[in-house]
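Undergrad: Have a look at this prediction, sequence included:
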Amino acid sequence: MDADPLAPLVGGLRARGLTLATAESLTAGAIAARLGAVPGVSAVLRGGIVAYATDVKAEVLGVGAELLRAGGPVQAEVAAQMATGAARVLRADVALATTGVAGPGPADGHPEGTFHVACAGPGGVRTRSWRVAGPRPVVREAACAAAIALLWDLLDDVARP
């Protein structure tokens with residue numbers, strides 16, 4: 001059986017002495033589950049929060065209530081605040097977050113396939129926004145891949161000790 005393709009990512013976090021958390025809405029824990037399948041991940045993965053409901057985003061992760069009232073949960077800044085909140089709540093060095101509309105159909109004024117991902121870590125928060133066509137599983141998979149790509153980018157910028 002081939003090695004897990006995320007093993008080098010976990011190894012990179014470990015080599016840099018970084019811990020990881022997730023805050024997932026759109027992906028409902030899929031990122032944490034994927035990472036959890038990697039042998040040795042317990043050395044870096046602090047935990048994950050599935051914050052599907054808007055009030056959980058605000059009350060648990062500390063996403064600004066005014067931000068949520070003004071534009072709803074499908075915003076890049078919401079993803080950024082979710083990531084920052086997950087890092088704080090779970091005491092992690094790095095955190096990934098996802099929010100968006102998997103479909104079918106639009107939600108909160110956004111078309112299906114719209115999503116935002118964020119990675120908070122040393123040097124600040126990075127966000128990316130996407131819109132992909134396809135059924136719900138395709139959108140969720142794209143969001144997972146985009147969040148993991150952000151984590152790879154962060155690792156490229158953080159030197160090993």
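TA: Ah, there it is. Quantities reported herein were computed from a predicted structural model and do not represent experimental measurements. Numbers count the residues shown, from 1 in each chain.
Undergrad: what sits opposite the spatially most central residue of the chain in the beta ladder?
TA: The centre of the chain sits closest to residue 97, judged by CA atoms, centre = their mean, with a distance of 2.3 Å. Residue 97 has the following beta-bridge partners by DSSP bridges: residue 23, residue 118.
Undergrad: Need the pLDDT of it.
TA: We have a pLDDT of 98 for residue 97.
Undergrad: now swap in residue 136 and tell me
TA: pLDDT at residue 136 comes out at 96.
Undergrad: The longest helix anywhere in the chain - contacts with which helices or strands?
TA: For the chain, the helix reaching the highest residue count under DSSP state H is reported as helix 136-157. Using 3 or more CB pairs under 8 Å, 6 or more residues apart in numbering; DSSP states H and E as the contact test, the elements touching helix 136-157 are helix 7-15, helix 30-36, strand 94-100, strand 114-121, strand 124-131. Quick note: C-beta positions are derived from backbone N, CA and C, even for glycine.
Undergrad: for these, which one ends up most surrounded?
TA: Using mean count of other CB atoms under 10 Å, the stretch among the helices and strands packed on helix 136-157 with the greatest mean number of neighbours is strand 94-100 (a mean of 30).
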